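**Q** Next one to model:
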Amino acid sequence: GMDHMDFLGWIYEGGGLDMYWDFYQKELKLNVIAFPILPSSPSKLPVLLYSHGYGGSPLDGNYLNALLAFASWGYVTLAATHPKSPLIPSVMIRISDYFYKNEKFEVAAQVGEKFLERFQEHQHAPRMAFRVGQCYFKNKKYTVAGKAFDNFAEIFPKDALCADASFWAGESYRMANNNR
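**A** Have a look, this model is predicted:
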């Protein structure tokens, strides 16, 4: 079995988050996107699947506060959202922003990439694509950051951030060459 630290390492560094999503969506055939919110202690990890319910909103502060409360009480809290909901893009943006602000750049990038797979035509897709590049840059994965910024320029050539993306692509490749 895994202890608390093994689980965190698997989720955030070992590709577990993608496997986690695949498990819930493909194996269990649940129409949810699960995000683990973990307790801070290394004790046994009880699991709670929490949904905002019919007519509720995952953007509601009460919903988010409830998730954090359950996590603080020691539950691995799986925050269910409903992928057919028109609120999903906004939820994914908020989740990415949360992880970005808490300097969990790898997770923020993963959420951004999932967002772009599903919502490339969304009005905030350029912002998310740019954020993916920022995440990799801040995580010192400069070559990946350069590719992300180049991808931005290809997909969104008329966006106001395109010039910035070109600059950051160049800066990313420069930094990658300095770190050989």
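
**Q** Spit out the contact partners of F137.
**A** Neighbouring residues of F137 by CB atoms under 8 Å, 6 or more residues apart in numbering: 145, 168, 171-172, 175. C-beta coordinates here come from the backbone N, C-alpha and C atoms, glycine included.

**Q** Tell me where this structure has strands.
**A** Shown for the chain, the strands assigned by DSSP state E span residues 36-37, 47-51, 76-80.

**Q** Any idea how far the second one is from the middle of the chain?
**A** Relative to the chain's own centre, strand 47-51 is displaced by 19 Å; criterion: CA atoms, centre = their mean, to the nearest Å.

**Q** how near is the residue nearest the centre of the chain to E117?
**A** Centroid-nearest residue in the chain: V111, 2.5 Å away (criterion: CA atoms, centre = their mean). Distance of V111 to E117, given as CB to CB, to the nearest Å: 11 Å.

**Q** one step back: got a list of what the residue nearest to the centre of the chain touches?
**A** 92, 95-96, 99.

**Q** Closest to V47 out of these?
**A** Taking CB to CB as the measure, V47 sits nearest to I95 out of the contacts of V111, at 19.1 Å.

**Q** With adjacent residues omitted, what lies nearest to that closest one?
**A** Excluding the flanking residues, the one nearest I95 by CB to CB, 6 or more residues apart in numbering is V111, at 5.2 Å.

**Q** how much space between the one you found and I93?
**A** Relative to I93, and taking CB to CB, V111 is found at 9 Å.

**Q** So in this structure, where's the weakest helix or strand by average pLDDT?
**A** strand 36-37 (a mean of 66; mean pLDDT, DSSP states H and E).

**Q** Kindly list the longest helix within this structure.
**A** Counting by DSSP state H, the longest helix found in the chain is helix 162-178.

**Q** ok so, going back, among the contacts of V111, which one sits closest to S85?
**A** Using CB to CB, the contacts of V111 come closest to S85 at M92, 11.1 Å.

**Q** For the chain, which segments count as helices?
**A** Using DSSP H, helices in the chain cover 4-12, 16-22, 61-72, 88-101, 105-119, 125-138, 142-155, 162-178.

**Q** So which other helices or strands are in contact with the fourth one?
**A** Yep, that's helix 88-101 we're talking about. Here helix 88-101 touches helix 105-119, helix 125-138, going by 3 or more CB pairs under 8 Å, 6 or more residues apart in numbering; DSSP states H and E.

**Q** okay, the angle between that helix and helix 61-72?
**A** Counting by axes from the mean of the first three to the mean of the last three CA atoms, to 10 degrees, helix 88-101 points 50 degrees away from the direction of helix 61-72.
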